[in-house]
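Participant: can you look at this prediction? I've put the sequence above it.
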Amino acid sequence: MLKVANVSKKFVELEYKVVKFSDGRLARYILVADKIYVPSLSASVYEVSYSMGSRRFKSSIRTIFYHVSFLFTWARVNCVDIETMLLEGHGVDFKTIRSFSRWLEKVICPPRNGTQINRYVTKVLHSCSTFSLWFVENFTPLVSNQLNSNVNYMRLIESHKKAWSDVMVGGNFDPIAQDLTDNELLLIDELLKFRLDNATDKRGQHLRNYILWRLVLRFGLRIGEALALRLVDLDLTGDYPSLEIIRIEERGADYVDPRTPNNPLVKTYGRLLYFAPEDEDLIRYIEEYVSGYRVKGYKENRFTVFLEHDFLFVSHGSVNAGSPLSYSSASKISKVIRLECVDSFHWHIVRHAVFNRLYEAASLLENNSTEIDHIIYMGGWGSPGSLKSYAKRAIRDMTRTRLIKNNNSRIANDD
């Protein structure tokens with residue numbers, strides 16, 4: 001029996017949409033009014049600044065714009081001049097934020113799993129908060145260079161942060177990292193391994209899927225990092241086989257990705273990651289895949305391993321065989337896993353599962369600064385602050401474990 005994905009649903013026709021265009025190797029986005037295609041000036045200003053900043057290779061701007069389209073739709077319906085509020089640096093006032101939040105909760109139906117928190121509403125509000133606060137920070141006029149002007153400026157920003165925070169369920173958007181149980185991880189591994197072991201004419205496809213799963217599970221990779229891996233990033237020879245995560249902007253001026261503007265991105269810092277002795281089977285699978293299945297087919301039933309690109313994972317479809325594996329194809333793999341064994345699965349939750357376990361193990365050590373540094377490096381983060389969601393989960397889980405142990409001890413004593 002097929003399992004139905006447990007997701008939020010929207011009951012409103014958005015009056016704005018995100019349009020994508022390509023600027024060289026960079027994917028760019030613009031927010032336009034639906035049907036008439038008039039662009040939002042404030043969104044365009046935001047996107048230009050974003051594209052020029054240090055975060056310009058991240059695709060999260062697309063998600064922010066989609067979420068902001070709810071705010072602009074609400075504003076158009078209610079005749080609220082959001083553009084002026086933003087461009088004059090006033091930001092969105094609390095009354096407007098509260099009205100928008102109530103409307104959002106009505107038009108987005110929460111998933112039917114008994115939860116009292118509609119997390120998608122919170123995500124939309126968080127994106128709108130980020131968008132709105134940027135204009136407060138960058139467009140609010142400073143009337144003087146005196147110290148009290150700076151103080152008032154900071155108070156203004158903090159007041160806007162609180163206004164948005166107050167309408168988000170549970171206050172600040174500060175989630176606990178999601179996780180998969182050991183049993184769920186085992187079920188996924190067994191499913192993909194079973195498909196590989198019993199594959200006939202599609203062994204290459206199932207071998208690719210299993211390698212993708214194992215690499216994400218082994219190193220806690222983001223799916224974009226895995227899809228962006230090239231043969232040159234792998235060193236499987238010698239005593240210390242490794243793979244290297246290299247940011248897109250550090251790959252040189254000649255770097256080309258046929259998937260642009262939908263090319264996978266490396267959102268974290270680069271790093272060199274080593275395989276462990278127990279990964280020998282994974283290394284053999286990679287070597288088998290590269291030498292025998294990473295190929296391009298022709299109508300004359302001919303194949304070649306000499307592809308026009310260097311990416312590790314390729315498509316095995318009849319139409320685009322040999323092309324770099326796309327985000328949408330990786331999503332189809334995760335959909336199969338959701339339908340067949342773990343209905344909460346998505347690729348990023350595997351990354352959470354890896355670092356939840358690493359952080360919990362490190363938290364049990366008395367002097368763990370070195371272990372924490374290793375985790376930060378392995379995850380490609382810049383500071384310990386990035387581990388906040390994993391720390392919160394570790395504290396919660398350890399508290400729960402102690403509570404269960406204490407309850408079991410009391411029951412045993414009562415008996």
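Facilitator: It's in. Numbers count the residues shown, from 1 in each chain.

Participant: in stretch 324-342, what's buried?
Facilitator: Buried residues in stretch 324-342, counted by 16 or more other CB atoms under 10 Å: 324-327, 329-330, 333-334, 337-338, 340-342. The way it works is simple: take the backbone N, C-alpha and C, and place the C-beta from them, glycine included.

Participant: ok now it, how far from the chain's centre?
Facilitator: On the basis of CA atoms, centre = their mean, to the nearest Å, stretch 324-342 sits 15 Å off its chain's mean C-alpha point.

Participant: F139: which of the buried residues of stretch 324-342 is nearest?
Facilitator: F139 lies nearest to Y327 out of these, by CB to CB, at 34.0 Å.

Participant: who touches that closest one in this structure?
Facilitator: When contacts are counted by CB atoms under 8 Å, 6 or more residues apart in numbering, Y327 touches 223-224, 227, 259, 262, 264.

Participant: give the buried subset of those as a ChimeraX selection command.
Facilitator: Buried residues within the contacts of Y327, by 16+ other CB under 10 Å, are selected in ChimeraX with:
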select :223,224,227,259,264
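
Participant: which of the contacts of Y327 has the weakest pLDDT?
Facilitator: Among the contacts of Y327, N262 has the lowest pLDDT, at 82.

Participant: which residues does that one contact?
Facilitator: By CB under 8 Å, 6+ apart, the neighbours of N262 are 27, 326-327.

Participant: endpoints of stretch 23-43, how far apart?
Facilitator: In stretch 23-43, first residue to last residue: 17 Å (CA to CA, to the nearest Å).

Participant: show me what counts as buried in stretch 84-98.
Facilitator: 85-86, 90-92, 96-97.

Participant: try stretch 310-321
Facilitator: 311-316.

Participant: other residues contacting the helix or strand where C128 lies?
Facilitator: Taking DSSP states H and E as the definition, one finds C128 inside helix 119-139. With contact meaning CB under 8 Å, 6+ apart, helix 119-139 is reached by 7-8, 42-43, 46, 49, 63-64, 67-68, 70-71, 86-92, 100-101, 104-105, 108, 110, 156-157, 160-161, 164-165, 167-170, 173.

Participant: again with stretch 90-99
Facilitator: Applying CB under 8 Å, 6+ apart, the set of residues contacting stretch 90-99 is 71, 78, 80, 82, 84-86, 100, 128, 132-133, 135-136, 140, 156, 160, 163-164, 166-167.

Participant: low-confidence regions, the stretch 1-150 of the chain specifically.
Facilitator: Applying pLDDT under 70 to the stretch 1-150 of the chain picks out residues 1-10, 24-26, 53-59, 110-118, 142-150.

Participant: all helices of it, in order?
Facilitator: Counting by DSSP state H, counting those that start in this stretch, the stretch 1-150 of the chain has helices at residues 41-52, 60-77, 82-87, 94-107, 119-139, 147-167.

Participant: distance to S383 added to those helices, as TSV?
Facilitator: Shown next, in TSV, are those (distance: least, CB to CB, whole Å):
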stretch	distance to S383
helix 41-52	21
helix 60-77	19
helix 82-87	30
helix 94-107	30
helix 119-139	19
helix 147-167	20
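
Participant: M378: which of those helices is closest?
Facilitator: Proximity to M378, assessed across the helices of the stretch 1-150 of the chain by CB to CB, is greatest for helix 60-77 (21.7 Å).

Participant: please point out which parts of that closest one sit buried.
Facilitator: Buried residues in helix 60-77, counting neighbours by 16+ other CB under 10 Å, are found at 61-62, 64-75.

Participant: want to throw those into TSV with distance to H352?
Facilitator: Below are the buried residues of helix 60-77 laid out as TSV (distance: CB to CB, whole Å):
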residue	distance to H352
I61	23
R62	22
I64	21
F65	25
Y66	23
H67	21
V68	26
S69	28
F70	26
L71	28
F72	32
T73	32
W74	32
A75	35
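
Participant: which one among these gets closest to A253?
Facilitator: I61 (23.3 Å).

Participant: which residues touch that closest one?
Facilitator: 29, 47, 50-51.

Participant: repeat for D179
Facilitator: By CB under 8 Å, 6+ apart, the contact set of D179 is 349, 352-353, 356, 393.

Participant: biggest separation within the residues you listed, which pair?
Facilitator: Across the contacts of D179 (CB to CB), the longest gap, 12.3 Å, separates I349 and R393.

Participant: burial measure for T200, as a count.
Facilitator: 6 (other CB atoms under 10 Å).

Participant: got phi/psi on it?
Facilitator: The phi/psi pair for T200 (degrees, to the nearest 10) reads phi -120, psi -90.

Participant: cool, G220 as well?
Facilitator: Per degrees, to the nearest 10, the backbone of G220 is at phi 70, psi 40.

Participant: what's the neighbour count on it?
Facilitator: Burial of G220 is recorded as 22 neighbouring residues (other CB under 10 Å).

Participant: likewise the one 10 residues further on?
Facilitator: Residue crowding around R230 was assessed by other CB under 10 Å; the count is 17.

Participant: N198 versus that one, what's the distance?
Facilitator: 30 Å (CB to CB, to the nearest Å).
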